[in-house]
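Engineer: How does the following fold in three dimensions:
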Amino acid sequence: MRTRQTWIFIGAVAVAAIVAIVVVGLVRGGDESSTTQGEYETAVVNTRDRVDFALGRLSKAQSLEELLERMDEAAETIDDAAGDLDDLAAPTDLESPHERLVDQLGQLSADVKGTADQARVPGFEDILNGADGLNFESWDKVNAILAELRRQGVEVEPLARQSAT
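Structural biologist: Numbers count the residues shown, from 1 in each chain. The predicted structure follows:
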């Protein structure tokens, strides 16, 4: 009889331990994001500042070759910033704009790089001559998402409009 009671006791303890582990897991890990709104805001502002700085350098280029080199560097910086932001778990209520922001930053990086690459193709060298600035749909979408984040309490400025003048 003692053996049966021992096994029942062991089974009950095992079930209780499993329940305790599940409860602790739900309480501590139910929200995978351990990022607070303030920490997230800091990360978004840092990302925005990195992207804005990289794009701002384009308007200061003194030659076409320097512009193309800076475009390559900007594309890499934007891609790195998007990757760093993607590594961060957004607060639950900001997951949707977070994912869209990461995607659009990736697209902006691709747009900048693609334009630089196209300008290097023979016959397309003049596509940037006389332009007052560059315009990318992804830039507009990034700013729309930043505005959405502002409405949700994240204090972040839009990307600045840059021009060659």
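Engineer: Help me confirm that residue 111 comes into contact with residue 138.
Structural biologist: Yes. At 5.2 Å, residue 111 and residue 138 qualify as touching, with contact defined as Cβ atoms under 8 Å. In this view, the C-beta of every residue, glycine as well, is placed from N, C-alpha and C.
Engineer: Name the residues contacting each of these two.
Structural biologist: Counting by Cβ atoms under 8 Å, 6 or more residues apart in numbering, residue 111 and residue 138 have no common neighbour.
Engineer: chain center to the particular helix or strand that has residue 65 in it: distance?
Structural biologist: Per DSSP states H and E: residue 65 is located in helix 64-86. With Cα atoms, centre = their mean, to the nearest Å as the basis, helix 64-86 stands 14 Å off its chain's centre.
Engineer: just the CA coordinates of it, formatted as PDB?
Structural biologist: This file holds the C-alpha atoms of helix 64-86, laid out as PDB (Å, rounded to 0.1, in the frame of the first residue of the first chain):
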ATOM      1  CA  LEU A  64      28.600  62.400 -58.500                       C
ATOM      2  CA  GLU A  65      31.100  59.800 -57.400                       C
ATOM      3  CA  GLU A  66      31.000  61.100 -53.800                       C
ATOM      4  CA  LEU A  67      27.200  61.100 -53.900                       C
ATOM      5  CA  LEU A  68      27.100  57.500 -55.100                       C
ATOM      6  CA  GLU A  69      29.600  56.400 -52.400                       C
ATOM      7  CA  ARG A  70      27.600  58.200 -49.700                       C
ATOM      8  CA  MET A  71      24.400  56.500 -51.100                       C
ATOM      9  CA  ASP A  72      26.100  53.100 -50.700                       C
ATOM     10  CA  GLU A  73      27.100  54.100 -47.100                       C
ATOM     11  CA  ALA A  74      23.600  55.400 -46.300                       C
ATOM     12  CA  ALA A  75      22.000  52.200 -47.600                       C
ATOM     13  CA  GLU A  76      24.200  50.200 -45.400                       C
ATOM     14  CA  THR A  77      23.600  52.400 -42.300                       C
ATOM     15  CA  ILE A  78      19.800  52.300 -42.900                       C
ATOM     16  CA  ASP A  79      19.900  48.500 -43.300                       C
ATOM     17  CA  ASP A  80      22.000  48.100 -40.100                       C
ATOM     18  CA  ALA A  81      19.600  50.400 -38.200                       C
ATOM     19  CA  ALA A  82      16.600  48.400 -39.400                       C
ATOM     20  CA  GLY A  83      18.300  45.200 -38.300                       C
ATOM     21  CA  ASP A  84      19.100  46.600 -34.900                       C
ATOM     22  CA  LEU A  85      15.500  47.700 -34.500                       C
ATOM     23  CA  ASP A  86      14.300  44.300 -35.700                       C
END
